[in-house]
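Q: Generate coordinates for the sequence data below:
(one chain, ligands or ions: 2)
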Amino acid sequence: MTDAEAGAHRGILLVISSPSGAGKTTLAHLLAEQEKLEFSVSYTTRGARAGERDGVDYKFVTEDEFSRMVERHEFAEWAVVHGARYGTAIHTVNRALEDGKDYLFDIDWQGGAQIRRQWPEESVLVFILPPSMAELERRLRRRATDAPEAIERRLVTATRELEHFADYDYLVVNDNLETALKELSSIYVAARCARARRGHYGHALLGEARTREPPQSQ
Ligand code: ADP
Ligand code: 5GP
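A: Ligands and ions are numbered 1, 2, ... in the order given. Model (predicted):
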């Protein structure tokens, strides 16, 4: 009998990745709110953008603090993205697994691959695609949160990120935001209903049904 059949409920690790500007942060926050999902707040060495809050959008740390966390094996995964380091704390993943809480991870393909390798049963990987490269560039420029050189770097990195879409379980094209959110929440709801996670209900019900069965005459 598997853990799920025995009744153990381990949380879903819902990983969302995309090229910068495709809208994954927008979608991830909308999904977290709609589905009452916990959002995994990453550590990063990059500076806060205007409006970003420490401990809410990211935990902003120095290079030294990040290095110390790496040495103490405090990250479930970490990677260098656009020249800064980003990482997911191991305690966040442990909370998801031990308390059965579903968590949403807005992380890049390197992080997604590390999570998948360590927790293949619990992870569900979704890749957000922009409708076109021209629209991706427009969104990055319209967002205006990065300097022009940083935007150029994000566009170059977009190709590297896109190269990994085939490693993901699901692809969502973020053209119309409402449609993309509906698709994303459908993926999450379907994952919650997967037999691997719901099997214990079936087993409990079957056990109960059998106790109610009149004894079979041979
Ligand atoms: P990412 O986290 O992937 O870098 P963001 O969520 O920051 O992307 O979105 C990039 C920009 O595009 C933001 O200004 C956001 O408001 C905008 N945006 C997101 N989704 C859409 C959409 N479906 N249509 C138009 N603009 C969008
Ligand atoms: P941004 O600087 O635009 O917030 O994020 C840059 C990139 O870093 C995005 O692709 C985002 O998904 C990724 N990222 C954010 N947090 C983490 C993390 O903890 N681990 C990894 N591997 N990538 C992250």
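Q: how much space between Met133 and ligand 1?
A: Distance of Met133 to ligand 1, given as Cβ to the nearest ligand atom, to the nearest Å: 14 Å. Where C-beta positions appear, they are placed from N, C-alpha and C, glycine not excepted.
Q: Spatially nearest residue to that residue, not counting backbone neighbours?
A: Nearest non-adjacent residue to Met133, counting by Cβ to Cβ, 6 or more residues apart in numbering: Ala158, 7.5 Å away.
Q: ok, now Val124?
A: Using Cβ to Cβ, 6+ apart, the nearest residue to Val124 is Ala191, at 4.7 Å.
Q: isn't that neighbour right up against Ser123?
A: No - using Cβ atoms under 8 Å, Ala191 is not in contact with Ser123, being 9.7 Å away.
Q: Identify the contacts common to these two.
A: Ile12, Leu14 (Cβ atoms under 8 Å, 6 or more residues apart in numbering).
Q: Next, find the distance separating the residue nearest to Met133 from His29.
A: Applying Cβ to Cβ, to the nearest Å, the value for Ala158 to His29 is 21 Å.
Q: between these two, who's got more neighbours?
A: Ala158 (20 against 14; other Cβ atoms under 10 Å).
Q: residues in contact with that one?
A: By Cβ under 8 Å, 6+ apart, the neighbours of Ala158 are Pro19, Ser20, Gly21, Met133, Leu136.
Q: Just give me the longest helix of the protein.
A: helix 195-212 (DSSP state H).
Q: Quick one: the strands in the chain, in order.
A: Using DSSP state E, the strands of the chain run over 13-17, 38-39, 43-44, 59-60, 75-81, 84-89, 103-106, 123-129, 170-173.
Q: Which strands and helices lie in contact with the fourth one?
A: Pointing back at strand 59-60 there. Here strand 59-60 touches strand 43-44, going by 3 or more Cβ pairs under 8 Å, 6 or more residues apart in numbering; DSSP states H and E.
Q: Distance from the chain centre to the strand it packs on, please.
A: With Cα atoms, centre = their mean, to the nearest Å as the basis, strand 43-44 stands 15 Å off its chain's centre.
Q: partners of it, with directions?
A: Sheet pairing of strand 43-44 (DSSP bridges) gives strand 59-60 (parallel), strand 84-89 (antiparallel).
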